[in-house]
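missing the sequence, but the structure's below:
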């Protein structure tokens, strides 16, 4: 007589429609099922009284309110500019043109799709986590070991940064970005810690705008700002290398040029 | 009038307790669970525009929680409180031994809620969240597969193994408390 398998027990507990002939006749399987159900019931009961405390609820509500206020501010700025444009359009086309010159970059900034802004926020979050005291990195003096680490975690080895010029690799680590595992190098520079996060998303899909100046290798750079951080990205092959830090776009661009000088597109 | 029925507060906040329970299940400690829930909701607020209205918000939040938790584990380089393989095998075999808890009353009387939650938090990482989602949140195998990013068959085996290991843990607690003979 063949007893029920673990998978069959799980199907029964999920209420799936399976043949119960054996179960009805076998006391051993009935006992095993009862035991599994008893453990499940006890587990459920243990969590019945587990609830978020009032402090946590208030903190989450406060996060939501802050987010709403930020969104309202952006919306208000957009409306203000739209209203100004409307009033000045008829009296003087020249004035309107001037306003447009200001409005276009503003709308690019404020009107970036929210998903792109959320992606920028995620990149900044990854960088901020990298800065936390006590944050541990995978660290090794040998570039090959770091490459091996990324290969095992990500399935590929990103370009390894060239250091020197006062720059040193503090370590590397992995994090989630848009639901995918991504890797980041954390680099000590004369102007503080910079994270170089390697993602598959294109700079455009992260809501970044093209920079006029190219880096030394001739690659186009893209930039964005979020919170107090600047971001500059260069696309190499199938990956975007995004430098994030609390410094200027210009410095980040120079840094990427030095870190990734020999890469071929 | 502005329609606020589709706001984050209306759609996602009702699942705060479910997210918190999951955080307690995976962390085992309330303070760490608080931090994890805050991080999860912060990310959810940021990504809310990408949430498809009408789909399962609870599953969406739990998926963010799971990813955030995995990130934390990776960052801390914690390998989890996974049982060594030998101990796990012993625990898995425990369903063949003489201890049979077919009556939930026995389990209720023998252990406190905190002991049961502690035992769950000591399960291997992959089994911990899966067992919680199936047994406590009573999600379907398909939903859990979506949240944990594995096949439904893997969910089945993780649930089954997790429950066996949990039972083994409770049995060893029972022995420590002198409720069962050596």
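Okay, I see it. Just so we're clear, the structure is a prediction, and the values are computed from it rather than from any experiment.

lowest-pLDDT helix or strand in chain B?
Least confident element among the helices and strands of chain B, by mean pLDDT, DSSP states H and E: helix B:85-93 (a mean of 45).

Equivalent analysis for chain A, please.
Of the helices and strands making up chain A, the lowest-confidence element is helix A:93-110, at a mean of 60, by mean pLDDT, DSSP H and E.

Okay, buried residues for the following helix or strand past it please.
Next along the chain after helix A:93-110, taking DSSP states H and E as the criterion, comes helix A:114-131. Neighbour-count burial for helix A:114-131 flags A:114-130 (criterion: 16 or more other C-beta atoms under 10 Å in any protein chain shown). Glycine gets a C-beta too; all of them are placed from N, C-alpha and C.

what is the mean pLDDT for helix A:114-131?
What helix A:114-131 shows for mean pLDDT is 84.

mind checking the SS state of residue A:168?
strand (DSSP: H, G, I helix; E, B strand; the rest coil).

Please apply the same query to residue A:222.
Put simply, residue A:222 is strand when judged by three-state DSSP.

per-residue confidence for it?
The model's pLDDT for residue A:222 equals 89.

Quickly list what it is bridged to.
Going by DSSP bridges, residue A:222 is paired in beta bridges with residue A:210, residue A:233.

tell me the contacts of residue A:2?
By C-beta atoms under 8 Å, 6 or more residues apart in numbering or on different chains, the residues touching residue A:2 are residue A:22.

Same check on residue A:33?
A:4, A:9, A:12-13, A:23.

How about the secondary structure of it?
Going by three-state DSSP: residue A:33 is helix.

how far away is it from residue A:39?
The spacing between residue A:33 and residue A:39, counted by C-beta to C-beta, to the nearest Å, is 11 Å.

Contacting chain B as well, which ones from the buried residues of helix A:114-131?
Filtering the buried residues of helix A:114-131 for neighbours of chain B using C-beta under 8 Å from any C-beta of the partner chain leaves A:114-115, A:118, A:121-122, A:125, A:129.

re the thing from before, out of the contacts of residue A:33, who's nearest residue A:189?
The closest of the contacts of residue A:33 to residue A:189 turns out to be residue A:13 (C-beta to C-beta; 55.6 Å).

Can you get me a residue count around that closest one?
As a burial measure, residue A:13 scores 18 neighbours (other C-beta atoms under 10 Å in any protein chain shown).

close enough to count as contact, it and residue A:38?
No: using C-beta atoms under 8 Å, residue A:13 makes no contact with residue A:38, being 11.5 Å away.

Report the beta-bridge partner residues of the closest residue to residue A:168 other than its chain neighbours.
Leaving aside its chain neighbours, residue A:168 sits nearest to residue A:188 (4.9 Å; criterion: C-beta to C-beta, 6 or more residues apart in numbering or on different chains). Note on residue A:188: beta-bridge partners by DSSP bridges are residue A:168, residue A:193.

Could you report the separation of residue A:188 from chain B?
Residue A:188 is 18 Å from chain B, where distance means C-beta to the nearest C-beta, to the nearest Å.

Need the pLDDT of that residue.
At residue A:188, pLDDT is 83.

these two touch, right, it and residue A:171?
No: the criterion here is C-beta under 8 Å, and residue A:188 misses it with residue A:171 at 10.0 Å.

Filter the contacts of residue A:33 down to the ones in helices?
Among those, DSSP state H puts A:9, A:12-13, A:23 in helices.

now, which of those sits nearest chain B?
residue A:9 (6.8 Å; C-beta to the nearest C-beta).

now the chain, which segments are flagged as low pLDDT?
If you meant another chain, say so; for now it's chain A. Chain A contains residues with pLDDT under 70 at A:1, A:68-114, A:133-137, A:139-143, A:160-161, A:163-166, A:216-217, A:261-265.

To clarify, I was referring to chain B.
Within chain B, the stretches with pLDDT under 70 are B:1-5, B:76-108, B:179-182.

Kindly list the longest helix within it.
Under DSSP H, chain B gives helix B:152-176 as its longest helix.

buried stuff in it?
By 16+ other C-beta under 10 Å, the buried positions in helix B:152-176 come out as B:154-174.

count of neighbours near residue 42?
As the question left the chain open, I've gone with chain A. 24.

Chain B, not that one
Neighbours around residue B:42, by other C-beta under 10 Å: 19.

Which of the helices or strands spans the nearest residue to it once chain neighbours are set aside?
Of all residues not flanking residue B:42 in the chain, residue A:63 sits nearest, at 5.9 Å (C-beta to C-beta, 6+ apart). Taking DSSP H and E as the definition, residue A:63 sits inside helix A:54-89.

centroid residue for chain B?
Residue closest to the average C-alpha location in chain B (C-alpha atoms, centre = their mean): residue B:129, at 2.9 Å.

ok, it touching residue B:21?
No: contact criterion C-beta under 8 Å: residue B:129 and residue B:21 do not qualify, at 11.2 Å.

The one helix or strand residue B:41 maps to: which residues count as buried?
Residue B:41 is located in helix B:30-47, with elements delineated by DSSP H and E. Buried residues in helix B:30-47, defined by neighbour count with 16+ other C-beta under 10 Å: B:33-34, B:36-47.

where's the closest residue to chain B within the stretch 151-265 of chain A relative to residue A:155, distance?
At 4.5 Å from chain B, residue A:176 is the closest residue in the stretch 151-265 of chain A, using C-beta to the nearest C-beta. Distance, residue A:176 to residue A:155, by C-beta to C-beta: 15 Å.

who's more crowded, these two?
residue A:176 (19 against 8).

you'd agree the more buried one is in a strand?
Yes: the assignment for residue A:176 by three-state DSSP puts it in a strand.

That one and residue B:73 touch, don't they?
No: under the criterion of C-beta under 8 Å, residue A:176 is not in contact with residue B:73, lying 11.5 Å apart.

Could you pull up the residues touching the nearest residue to residue B:23 once chain neighbours are set aside?
Excluding its sequence neighbours, the residue lying closest to residue B:23 (C-beta to C-beta, 6+ apart) is residue B:33, at 3.8 Å. Residue B:33 sits next to B:20, B:23-24, B:26-27 when contact means C-beta under 8 Å, 6+ apart.

measure residue B:33 to residue B:66 for me?
From residue B:33 across to residue B:66, the span is 14 Å (C-beta to C-beta).

what about the following helix or strand past the helix holding residue B:41, near chain A?
On the C-terminal side of helix B:30-47, the nearest following helix or strand under DSSP H and E is helix B:57-76. Yes: interface with chain A: helix B:57-76 contributes B:63, B:67-68, B:70-71, B:74-76 (C-beta under 8 Å from any C-beta).

Mind checking which of the residues you listed are buried?
By 16+ other C-beta under 10 Å, the residues of helix B:57-76 next to chain A give B:63, B:67-68, B:70-71, B:74-75 as buried.

Please name the nearest non-neighbouring residue to residue B:27.
That would be residue B:33: by C-beta to C-beta, 6+ apart, it lies 4.6 Å from residue B:27.
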